[in-house]
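Visitor: this one's sequence-less:
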């Protein structure tokens, strides 16, 4: 989305990304590991509800929603 804010580690890699959600319904926060994989995100779904996603380094995980 727009309004992107990135926090980088000392080697210049983005580890926390924040901004507006792609669907325009609110904010988005993403945490990346040292191998540049997204492992946690917080976002707003299409209905304005909160979602939390968590994944391991193999891409397996789940999304928890407020429904």
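Guide: Yep, it's here. On a predicted model such as this, the values are computed, not experimentally measured, just so you know.

Visitor: Please make it C-alpha for all contacts and neighbour counts, starting now.
Guide: Noted.

Visitor: so where does the residue nearest in space to the middle of the chain fall, helix or strand?
Guide: Geometric centre of the chain, nearest residue: residue 30, 2.4 Å, by Cα atoms, centre = their mean. Using DSSP states H and E, residue 30 sits within strand 27-32.

Visitor: what is the orientation angle of the helix or strand just after that strand with strand 27-32?
Guide: Downstream of strand 27-32, the first helix or strand assigned by DSSP H and E is strand 38-44. Interaxial angle, strand 38-44 versus strand 27-32 (axes from the mean of the first three to the mean of the last three Cα atoms, to 10 degrees): 170 degrees.

Visitor: Contacts for strand 38-44 next, please.
Guide: With Cα atoms under 8 Å, 6 or more residues apart in numbering as the test, strand 38-44 has contacts from 21, 25-33, 50-57, 59.

Visitor: just the buried members of the residues you listed?
Guide: For those, a burial check counting by 16 or more other Cα atoms under 10 Å picks out 21, 26-32, 50-54.

Visitor: now, which of those residues sits nearest residue 11?
Guide: residue 32 (13.8 Å; Cα to Cα).

Visitor: So that closest one is in contact with residue 13, correct?
Guide: No: if you go by Cα atoms under 8 Å, residue 32 and residue 13 don't touch, sitting 9.1 Å apart.

Visitor: how about the nearest residue to residue 28, chain neighbours excluded?
Guide: Excluding the flanking residues, the one nearest residue 28 by Cα to Cα, 6 or more residues apart in numbering is residue 43, at 4.5 Å.

Visitor: For residue 33, see how far away that neighbour is.
Guide: With distances taken as Cα to Cα, to the nearest Å, residue 43 is found 18 Å from residue 33.

Visitor: Kindly report the same for residue 64.
Guide: Taking Cα to Cα, one finds residue 64 at 20 Å from residue 33.

Visitor: Please apply the same query to residue 12.
Guide: 13 Å.
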